[in-house]
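Asks: Following is a predicted model, sequence given first.
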Amino acid sequence: MTRSFRRIGALCACTVAAVTFAAAAPAQADDGDGFEFTLYAKEVPASGASESGPPPKVGEVFTVADDLYKTKGGSKVGRDGVTCAVVRVSGDQADVNCVGTFVLNGGPGGQLTAQALVTFDISNAAPAAYDVAITGGTGDFTQARGYVSTTPDGDYSRLEFHVTKR
């Protein structure tokens, strides 16, 4: 599995993150009914994981875990876990359906779940930016909705959270 293919999973849901909101300095949005904040995810390599390999095949499933930071190289504020399945491969394009959970520490606290179907270029070593839908949450994030914008940023991925509550 190529690094870009594995990285897409990390960016997709990309998907679970732990955060101390005071440390992450979220901005209140819409009458205090939501949050906007940015975190940086750095992949935690799995033991024995390959950085390269054959192209993905339909039906392949992989997992990715990240540590989350309030700044690149700064304080660790959480973690995420993502499971992805390859659902379509056509030429140099692959569709990957990813589901993940962000575990958020501190106050507010809880978990956010997210999901995305991402199309990416298998031959490109650098993943593209994309958005992930927030599908729910627990704790202070009960009934959460919104999205996470993901952007490659060196060895990290920049995750911009836009969270609303019903």
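Replies: It's in.
Asks: drop to CA atoms for contacts and neighbour counts, all remaining ones
Replies: OK.
Asks: what lines up beside the helix or strand hosting Asp67 in the sheet?
Replies: In the assignment (DSSP states H and E), Asp67 maps to strand 61-69. Applying DSSP bridges, strand 61-69 is found paired with strand 34-43 (antiparallel), strand 76-90 (antiparallel).
Asks: what's the least confident helix or strand in the protein, going by average pLDDT?
Replies: Within the chain, no helix or strand scores below helix 21-24, which has a mean of 34 by mean pLDDT, DSSP states H and E.
Asks: Can you name the next helix or strand after the strand or helix carrying Pro152?
Replies: Per DSSP H and E: Pro152 is located in strand 144-153. Counting by DSSP H and E, the element after strand 144-153 in chain order, helix or strand, is strand 156-165.
Asks: helices or strands up against that next one?
Replies: strand 34-43, strand 144-153 (3 or more Cα pairs under 8 Å, 6 or more residues apart in numbering; DSSP states H and E).
Asks: Pick the most deeply packed of those.
Replies: Sort those by mean neighbour count, taking mean count of other Cα atoms under 10 Å, and strand 34-43 sits at the top with a mean of 22.
Asks: Just want the angle from it to strand 156-165.
Replies: Relative orientation of strand 34-43 versus strand 156-165 (axes from the mean of the first three to the mean of the last three Cα atoms, to 10 degrees): 150 degrees.
Asks: pLDDT of strand 34-43, averaged?
Replies: Averaged over strand 34-43, pLDDT sits at 90.
Asks: List the contacts of the strand holding Pro152.
Replies: 11-13, 112, 114, 126-137, 157-166 (Cα atoms under 8 Å, 6 or more residues apart in numbering).
Asks: again, but for stretch 88-95
Replies: 56-58, 86-87, 96, 117-123.
Asks: residues near the nearest residue to Arg166 once chain neighbours are set aside, how many?
Replies: Counting by Cα to Cα, 6 or more residues apart in numbering, the nearest residue to Arg166 once its immediate chain neighbours are dropped is Gln143, at 5.9 Å. Other residues near Gln143 number 15, with proximity taken as other Cα atoms under 10 Å.
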